[in-house]
Structure formats: C-alpha cells, structure tokens
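# Sequence and predicted structure, then a few things I'm wondering about:
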Amino acid sequence: MLLFILKFYVIDLIKVNSKDMGSTLHEGDVLLIKRAFNDYQVNDIVYIKYPVKDSSKGNTYCFQRIIGLPGDSIEIINKFVYRNGQLLSDTNTVMHNYYVKSNIKIDSLFEIRYQLREGGEISNDLDYSYSLTKVQADSLARSFNVIKSVNIKNEQKGGFDQTVFPYSTRYNWNMDHFGKLFVPKEGAELRLDSTSILLYGTLIREYEKNTLKVQGDSIFVNGKYSRTYTVKNDYYFLMGDNRDNVNDSRVCGVIPSENIRGRMIKKIKSGGEK
C-alpha cells in the first residue's frame, strides 16, 4: 500500500516521449519525478499535461523547463530570454535551428560524428538545416574541409507568426521575439480591455471556468461589466530546450499550475540502454 501511494502520489517513473528537451533529454529516457510537495523554481524540468488537446490523440504529456514563475514578466529578444528584465542564462543543452552550407554532400557517418540527430538536407545545392547546441554549431563551423558556413536561423522582430500566442496582429510576436508577458499569480489583478483580453481570455474562460463576453471595448465576466479580473490560481511560463522545434508557452500561453504533474529528480535510464 505504501509503495502504491509513493508511486502515484509522491514519486513516479516516466519515459520521455518527445524531442521537446533537445539534447537535455532524449526519447526513451526514463526519469524519476517527484509528483507532490514541490517548490518549483526557474530551470526546473517538469512533467506537464499540455493545455491544448491534440484532436487525434487527446491529452498530451511532455517535459519542459520552467522559465517564468507566477508573478514574473517574460520577454524574448532575438532568442535571448529576459525574466523580470534580467537576461536568463541558457543551459549548454539549449538547441536552435542552424542553416548549414556544405562543400560536399554530408553523409550519415559525418552526422554521427557530430551528433547531428535532428535535421538534414533542405535543397539539392548542399544546403542543410540542423538543430544544434552552441557547442555543436561551433564545432561544425571548424570543419573547414566539409562545412562552408553555419548560421543560426532568426525570425525578424515584428514578424507576425499566426501560430504563436496570442495569435493576433495586435501582438506581432514570434518564437524569437516574444512579449513582454506577465505570468499571472494567485491574487494578481489583471486590467481588462480589448487588447489585454487576447492574452488572458483563455485563462479567464477555460482555466478558471468563468463566462466571458467581449462586446467592442467592453468585457463582461460572469455577466458583469469588468475592467479588472482577480486571478484565482498560479501560472508558469515553460519552454523546451529544443527551442525552435517545440510547442511551449510561446505557442499555448501560460501553463496552469494544476497542469504541472511533477518535477524531474534525475535520469534513471538513457533511451539507448537495454
């Protein structure tokens, strides 16, 4: 009975099933997670129920990294993450997409040597795209006999991406230029207008189970005209280490605290182990 309680309410073993965490975690890795009594901190890797359902698969569960705590302000400028105005240092496992121009055709042996696990040829003119850490990119760039150039892929500031939260041209955000976004905490008072409701409408209506109606510049919560809304729960801003190939808070917005199902304690088994 004690083991049952420990497994399902305190600790558990979970297998990684996505590439969200890039070179930090690999598909098939088995992780020990702590389900209860967690005091979450920035850079914790957590197991979450993704708030947007896949129409064909239903609920999705994955691992991502905490970037913003309840009450924080998050901004991304040219891929660099700022928390409350301070640059947040990336771990050395963070990956981005790079354009690679080669002098010769890259073969599988070269990909294995440089651990090029994600990406490949994108044209018939020796052009490639790979998801790489900064260390990998620098190492690749030093292969002068094979590689002509290695350049990180960057979105332009103000370039609207319709797949990025909050999916509106009023906020011309993309994966590389995002925010500022306030991460709501319990008790925080949000000012409501026709623009801010784009950021917090889902929170009010779906996460906190209120009725919400927008008529022009007027906002009605539970049938009452409202210029402010008091948040009932805590929320977090999460990102995957595979920065350019993940659906995280830049895509779905803030994550309700109830969707965080545990914190990674350590890796028990690597995906390649028998």
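Happy to help now that I have it. Numbers count the residues shown, from 1 in each chain.
# Is there a neighbour count for the closest residue to Phe220 other than its chain neighbours? I'd like the number.
Closest residue to Phe220 apart from its sequence neighbours, by Cβ to Cβ, 6 or more residues apart in numbering: Lys213 at 4.3 Å. All C-beta spots, glycine's among them, are computed from the backbone N, C-alpha and C. Lys213 has 12 neighbouring residues, counting by other Cβ atoms under 10 Å.
# how much space between Lys213 and Ile219?
8 Å (Cβ to Cβ, to the nearest Å).
# Now do the strands in the stretch 151-274 of the chain.
178-182, 189-191, 212-215, 218-221, 224-225, 228-230, 235-239, 255-256, 260-269 (DSSP state E, counting those that start in this stretch).
# just checking, what's the longest helix in this structure?
Taking DSSP state H as the criterion, the chain has its longest helix at helix 134-141.
# Which neighbouring elements make contact with that one?
Taking 3 or more Cβ pairs under 8 Å, 6 or more residues apart in numbering; DSSP states H and E as contact, the helices and strands that helix 134-141 lies on are strand 95-102, strand 127-133, strand 147-152.
# Tyr207 is nearest to which of those strands?
strand 95-102 (29.8 Å; Cβ to Cβ).
# Now that closest one - C-alpha only, CSV.
Below are the C-alpha coordinates for strand 95-102, written out as CSV (Å, rounded to 0.1, in the frame of the first residue of the first chain):
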residue,chain,number,x,y,z
MET,A,95,19.4,24.0,-29.1
HIS,A,96,18.4,26.2,-32.0
ASN,A,97,18.0,25.6,-35.7
TYR,A,98,21.0,26.4,-37.9
TYR,A,99,21.4,26.7,-41.7
VAL,A,100,24.5,24.8,-42.8
LYS,A,101,26.1,25.2,-46.2
SER,A,102,28.4,22.3,-47.1
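# Name the surrounding residues that touch it.
22-23, 79, 106, 118-119, 126-133, 136-137, 140, 146-153, 241-245 (Cβ atoms under 8 Å, 6 or more residues apart in numbering).
# Restricted to buried residues, select these in PyMOL.
Selecting only the buried entries of the contacts of strand 95-102 in PyMOL, with 16 or more other Cβ atoms under 10 Å as the criterion:
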select buried, resi 22+23+79+106+118+119+128+129+130+131+132+133+136+137+140+147+150+241+242+243+244+245
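# what sits against the nearest residue to Leu88 once chain neighbours are set aside?
Nearest non-adjacent residue to Leu88, counting by Cβ to Cβ, 6+ apart: Val81, 4.5 Å away. Going by Cβ under 8 Å, 6+ apart, Val81 touches 67, 74-75, 87-88, 90, 239.
# wait, which of these is closest to Arg170?
Glu75 (16.7 Å).
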